[in-house]
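Peer 1: Provide a 3D model corresponding to the input given below.
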Amino acid sequence: MDALKLIFFSLFTHLAIGTLVPLLFISVNEMGPTFFRLISSLSILLLACAFWASPFAEISFAAPFVSSSPIAGQVTTLLTLSIFFLALTIFLLNRGGKIYVTLAIIAGLAATAKLAFAFPNVAAAPGWMTAGSFMSAALALGSVLGTMITGHWYLVNRKLTIRPLQLATWVFLGIAGLRAILVMATVLLLSNSSQAILAETARNLFSFSASGILFWARVGFGLAAPLLFGWMIWSSVKARNTQSATGILYATIVLVLIGEAFAKYLYLFTGIPV
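Peer 2: Reported below is the predicted structural model:
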């Protein structure tokens with residue numbers, strides 16, 4: 001299995017699933033069904049890009065749970081189910097409302113949790129910790145993209161109230177804060193693990209070793225800077241300056257993407273889910 005392909009697959013999967021989350025807090029009547037169909041279509045496109053990397057080339061859709069790589073098969077099946085619900089959102093939004101979006105997110109997050117165990121790693125952290133890390137990564141990376149698209153929608157419909165963008169911004173800020181807390185708590189807990197190798201690997205992240213430098217770059221680019229930018233975004237939204245907020249969101253997407261890419265490399269080579 002190509003490690004770079006797996007990282008590429010993970011990042012695009014995170015973007016695809018997480019970008020749907022702001023839709024749970026935004027009214028269809030307020031933003032319009034076209035907005036929901038646009039986000040759903042974008043999510044399908046991102047998942048198509050993820051599958052294009054072909055990290056699980058040996059997996060057959062016909063027998064995903066009995067293949068030579070059952071975890072990869074389960075990820076493939078769950079993401080395919082998510083695409084199915086997204087298609088229903090596009091064509092049956094007026095009948096089913098946001099129920100299909102919710103089901104797509106549930107299937108996608110389940111796939112994301114499974115995806116954590118498809119990575120080969122040196123030291124294995126507890127399963128619940130790796131699954132939680134990957135799901136929070138998907139929410140963080142996708143929510144900033146969903147918020148940016150929400151901000152862009154104000155250029156299409158200038159009659160919108162500021163409430164949808166406020167809600168999307170709060171969702172991003174809450175998820176970004178939670179992601180930062182989980183990352184630091186994970187490293188601190190594992191640094192005191194009873195497993196000597198795992199504890200030493202986690203403690204090295206606080207040092208000036210190669211993994212430590214990469215970890216602090218991950219913290220700076222992917223956690224601290226997005227939170228600072230998030231405050232700037234919120235200030236712009238309060239002032240009803242949607243164009244400034246959207247511009248800052250562009251930069252925030254790049255920062256979060258860099259941070260999560262660093263996190264995937266660290267997990268691949270250290271087994272610490274950051």
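Peer 1: CA atoms for contacts and neighbours, from now on please.
Peer 2: Will do.
Peer 1: residues in contact with the most centrally placed residue in the chain?
Peer 2: Among the residues of the chain, the one closest to the centroid is A138, at 1.6 Å (CA atoms, centre = their mean). Going by CA atoms under 8 Å, 6 or more residues apart in numbering, A138 touches 11, 13-15, 17-18, 109, 112.
Peer 1: for these, which one is nearest L257?
Peer 2: Closest approach to L257 among the contacts of A138 (CA to CA): L11, at 7.8 Å.
Peer 1: please tell me how far the closest one sits from A263.
Peer 2: Going from L11 to A263 by CA to CA, to the nearest Å gives 10 Å.
Peer 1: who has more neighbours out of the two?
Peer 2: In terms of neighbours (other CA atoms under 10 Å), A263 is the more surrounded of L11 and A263; the figures are 25 against 22.
Peer 1: for that one, give me phi and psi.
Peer 2: The phi/psi pair for A263 (degrees, to the nearest 10) reads phi -60, psi -40.
Peer 1: check R158 too.
Peer 2: phi -80, psi 0.
Peer 1: that one: neighbour count?
Peer 2: Counted with other CA under 10 Å, R158 comes out at 9.
Peer 1: for it, report the pLDDT, please.
Peer 2: As predicted, R158 sits at a pLDDT of 78.
Peer 1: roughly how far apart are it and V28?
Peer 2: Where V28 is concerned, R158 sits at a distance of 16 Å (CA to CA).
Peer 1: now do M135
Peer 2: Distance, M135 to V28, using CA to CA: 25 Å.
Peer 1: between those two, which one's more packed in?
Peer 2: It is M135, of M135 and V28, that has more neighbours when counted by other CA under 10 Å, with 23 against 17.
Peer 1: was I right to think that one contacts A111?
Peer 2: No. Counting by CA atoms under 8 Å, M135 sits too far from A111 to count as a contact (9.0 Å).
Peer 1: which residues of the stretch 1-150 of the chain fall in helices?
Peer 2: 3-18, 28-31, 33-52, 70-96, 99-115, 127-156 (DSSP state H, counting those that start in this stretch).
Peer 1: could those helices go into a markdown table alongside distance to Y250?
Peer 2: Shown next, in a markdown table, are these (distance: least, CA to CA, whole Å):
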| stretch | distance to Y250 |
| --- | --- |
| helix 3-18 | 14 |
| helix 28-31 | 21 |
| helix 33-52 | 17 |
| helix 70-96 | 25 |
| helix 99-115 | 23 |
| helix 127-156 | 7 |
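Peer 1: what's the pLDDT at the nearest residue to R203 once chain neighbours are set aside?
Peer 2: Once flanking residues are discounted, R203 sits nearest to S191: 5.1 Å by CA to CA, 6 or more residues apart in numbering. Looking at S191, its pLDDT is 90.
Peer 1: how close does S191 get to G127?
Peer 2: Taking CA to CA, one finds S191 at 16 Å from G127.
Peer 1: of those two, who's got more company?
Peer 2: Neighbour tally, S191 and G127, criterion other CA under 10 Å: the higher count belongs to S191, 21 against 13.
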